[in-house]
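> Okay, here's the prediction I keep looking at, along with the sequence it came from:
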Amino acid sequence: DTAVSQTPKYLVTQMGNDKSIKCEQNLGHDTMYWYKQDSKKFLKIMFSYNNKELIINETVPNRFSPKSPDKAHLNLHINSLELGDSAVYFCASSQAGTGPYEQYFGPGTRLTVT
Amino acid sequence: GDSVTQMEGPVTLSEEAFLTINCTYTATGYPSLFWYVQYPGEGLQLLLKATKADDKGSNKGFEATYRKETTSFHLEKGSVQVSDSAVYFCALTPNTGNQFYFGTGTSLTVIP
């Protein structure tokens, strides 16, 4: 049973295209996250949703738009892809409320923009 | 604001060597501290955690002790194996809210 799953695992596309990455968790968690990991393994938080409500929105270009249809899913849509968007994107989830609660990560989606 | 600083890598060790990866933090209040491990091609997974001062987290032969006086949470293992080759991330979360602060990661390679 995969706790946090992401699709696709690899995504190769051209500049200017629009693409989506999907994330699902079956842990019953209320909070979900998107992270971007660059080539040097640096991990940067992008967004966090709690029960479908946006609670963290770091400085991310408007071309990135998260969507949470229900608390088990958090998708990431990217418009007008740029070369600098190439990275590995990780979805994560955790329980909400007074923690501390660990985060559970998906396997990642490697996005390559050519 | 809250932050985590960990030693830069890469670190290369021979099998059975002793490992230390330094991690220090800055936080208001009393955060919880974590070490995550990322094996090649995979997502991050929790290695160990400590939720209050003087707590020791341990797992798979790895240990880290929450030192409030030195604001540190150094990761140690007495005898590393080739299978420990991975990137290690120190992280903290304040005990209010769900924000996580990750260090920059330390790449470890263990050679036979």
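Yep, that arrived.

> Tell me the residues on chain A that lie near chain B, please.
A:4, A:31, A:33, A:40-43, A:45, A:48, A:50, A:55-56, A:90, A:92, A:94, A:96, A:98-108 (Cβ under 8 Å from any Cβ of the partner chain). The C-beta positions use only the backbone N, C-alpha and C, and glycine is treated the same way.

> And those residues, which of them are buried?
Among those, the ones that count as buried by 16 or more other Cβ atoms under 10 Å in any protein chain shown are A:4, A:31, A:33, A:43, A:45, A:48, A:50, A:56, A:90, A:92, A:94, A:96, A:99-108.

> Cross these against helices and list the overlap.
Among those, no residue falls in helices (DSSP state H).

> roughly how far apart are residue A:34 and chain B?
Going from residue A:34 to chain B by Cβ to the nearest Cβ, to the nearest Å gives 12 Å.

> Tally up the residues packed near that residue, please.
Neighbourhood size, residue A:34 [other Cβ atoms under 10 Å in any protein chain shown]: 26.

> give the contact list for residue B:38.
A:41, B:44-45, B:86-89, B:105 (Cβ atoms under 8 Å, 6 or more residues apart in numbering or on different chains).

> Mind picking the two most distant members of those residues?
Using Cβ to Cβ, these span at most 14.8 Å, a distance reached by A:41 and B:45.

> I'd say residue A:34 and residue A:65 touch.
No - contact criterion Cβ atoms under 8 Å: residue A:34 and residue A:65 do not qualify, at 10.7 Å.

> show me where pLDDT drops low in chain B?
Applying pLDDT under 70 to chain B picks out residues B:97-98.

> Give me every residue in it lying close to chain A.
So chain B meets chain A at B:31-32, B:34, B:36, B:38, B:42-46, B:49, B:51, B:87, B:89, B:93, B:95-96, B:98-100, B:102, B:104-105, B:107 (Cβ under 8 Å from any Cβ).
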